[in-house]
Structure formats: C-alpha cells, structure tokens
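**Student:** Any chance you could fold what I've pasted below:
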Amino acid sequence: MSAGQDRDGVRVVFSAPQLAAMLARVSISETETLSNRLWGGLQVVGGVLEMVGAGALCVLPEPTMASKAGCVAFGLHGSDTAASGLRQLWTGTDTQTLTQRGTAKLAEAMKVSPDMANNIGLSLDIAVPFGFAGSIRAARVARVTMGRINLEMHEAKAGSGIGGHTLEKHVGKDKAWLQARLAREPRREMVSSFFDRQAAEWAISGIMQKRASDIQAWTRPGNASRTLQLVGETGRTVGYGLVRETGKMIELSKVEMFLRKERYNGMPYYVVTAFLVK
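**Tutor:** So this is what the prediction gives:
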C-alpha cells in the first residue's frame, strides 16, 4: 500500500480474554470474571491460557518465576481441557472444579502450588483499563458479542480522552470533512472513513476472525514479533475514501490493519489499528 494512504486509522485495544473471545466467536462482557462463566466456558479460557498464560508466568519475580521452557510448555498445553470443560458447564458441574483444572496447568508449568497458580490465573484482567486506552488514544473494547466487538458510545465523544481521537477522526466523516483533512495533511494521497461505528466494528471483527490462525500463532510464547500486519477484503462496502488526485469519493471494502503487543501493569494487551485501502 502506498505510504500516502490513510494509515492513521481506527485504533482499538483488546485485553487478552477479549481477543480470545472474539477469535472463538463467543460472547464476553467486562463484568464477567474468570472464576465464573468465563472459567466454565473453557473455549474462551483455552484461548486465554494459550495467549497470556505463559506471559503472565514470565513476568513473575524470582523465585516463583517459571523457566522459559515452562512458559512455552504452558502456552502449548493450556487448552487441553476445553471440550470437557464446556460439557461440564452445560451439565451444571461445580465451577470450582473447572477452575482447578485450569490452574493445574499453571502449577505444572511453574512448579508451584495450585493455590499460587490460582491467584495468578484470577488476576487476569477482562476489561482494558481506562488509563492504558487513554495513554495510546485508543477505543476500548467494552464487550464481545458472538465474536463481534462492541465499542462504548461515550468513548467516541470528542474530548473524552478515551478513544475520542480514533473514532471521531475515522468514522462517519462526510466529503467536506475529508477535503479539509487532505488540505491539513498534504502528504496524504487518500483519506478514508468507515460509514459508522457499527461498520468499523463489523469489518475489524470479520478480518481478524478470518485470520484467526495467524493471530493465534503470533500471540504464542516464543514469537518475538511485536507487530502483525493483516489485509483483507470484507466482501461489502464499509466506508469510502477521498482521492487527492481525482477529487472523487470512492467506495471501499478492503481493510488493512496492524496488531501490536503491549504490556500495562504487567498484563498483555493487543492494540489494533485498522484503516480502509483501495
């Protein structure tokens, strides 16, 4: 893609459980905890364990810090009990049993007591902290519904400090606004906008789900790359762009995005910057 196109796109930040839920096409709200429905729904927990279990272990101070080999082993084996856990959830098996099954992998990898592993597991954040989202000028993912992200409306308001920049600048812009932006930013060959917040949510979720295997491989322990590039066709028009050379508006359905690994208060988060391209 030409460097003159609009690479300053919609920026969204996921917690690791939210990312796992989206890739698994399941639902998760920011009020859920790992000790209840989320632990029972081990389809989600399996993804969480694979993506953040090893990372959580590796940031612990000595002498309880797991070895690198232990971190990798945990990352590879974290989802072993997913299928049986889901069956037990629907049959009403006690939630604590599911929690113990999940933390057993933590204890095995760390060579520590199950109680210590349980404390680590339950410390994982479901929601993205406001402070972190504000510091990187990103919109927080408030919840995931059947694999589709939902961004908080109040975070889209100008001046809110949380996601205001990213959604105000790249969602629902008319031609006059885009013309003014081209005038302000002479190096841009094209500037673009998603139709609305729902179109942005749908497009970002869809492309990430199509590339779920690539994202999962990128999040695993041992992958040193901090950034992952994804480009995909959504299959329908989700926005438009204003081309400097012609002065014409064109419909756009192709999304380019970059995922970046970040850490905040010792926990992993995933920042997505998405924009429309020709």
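**Student:** Got phi/psi on Met257?
**Tutor:** Main-chain torsions, Met257, degrees, to the nearest 10: phi -150, psi 160.
**Student:** now swap in Thr234 and tell me
**Tutor:** Backbone geometry at Thr234, expressed as degrees, to the nearest 10, gives phi -80, psi -20.
**Student:** ditto for Pro186
**Tutor:** The phi/psi pair for Pro186 (degrees, to the nearest 10) is phi -60, psi -20.
**Student:** how many neighbours does it have?
**Tutor:** Neighbours of Pro186 under the rule other C-beta atoms under 10 Å: 8. For glycine as for every other residue, the C-beta is placed from the backbone atoms N, C-alpha and C.
**Student:** cool, and Phe275?
**Tutor:** 25.
**Student:** what's across from it in the sheet?
**Tutor:** Applying DSSP bridges to Phe275 yields these beta-bridge partners: Glu256.
**Student:** and the gap between it and Val191?
**Tutor:** In this structure, Phe275 and Val191 are 9 Å apart, going by C-beta to C-beta, to the nearest Å.
**Student:** just Pro17 next, same as before
**Tutor:** Using C-beta to C-beta, Pro17 is found at 34 Å from Val191.
**Student:** Which one's more surrounded, these two?
**Tutor:** Of the pair Pro17 and Val191, Val191 is the one with more neighbours under other C-beta under 10 Å, namely 27 against 24.
**Student:** Hmm, that one is touching Arg184, no?
**Tutor:** No. Using C-beta atoms under 8 Å as the test, Val191 is too far from Arg184 to be in contact (9.6 Å).
**Student:** what's the overlap in contacts for the two?
**Tutor:** By C-beta atoms under 8 Å, 6 or more residues apart in numbering, Val191 and Arg184 have no common neighbours.
**Student:** Thr273 is in contact with Gly9, isn't it?
**Tutor:** Yes. The criterion here is C-beta under 8 Å, and Thr273 meets it with Gly9 at 5.2 Å.
**Student:** neighbour count winner among these two?
**Tutor:** A count of neighbours by other C-beta under 10 Å puts Gly9 above the other of Thr273 and Gly9, at 25 against 21.
**Student:** thought the more buried one was touching Ala274?
**Tutor:** Yes. Gly9 lies in contact with Ala274 (C-beta under 8 Å); the separation is 5.0 Å.
**Student:** Many thanks, have a good one.
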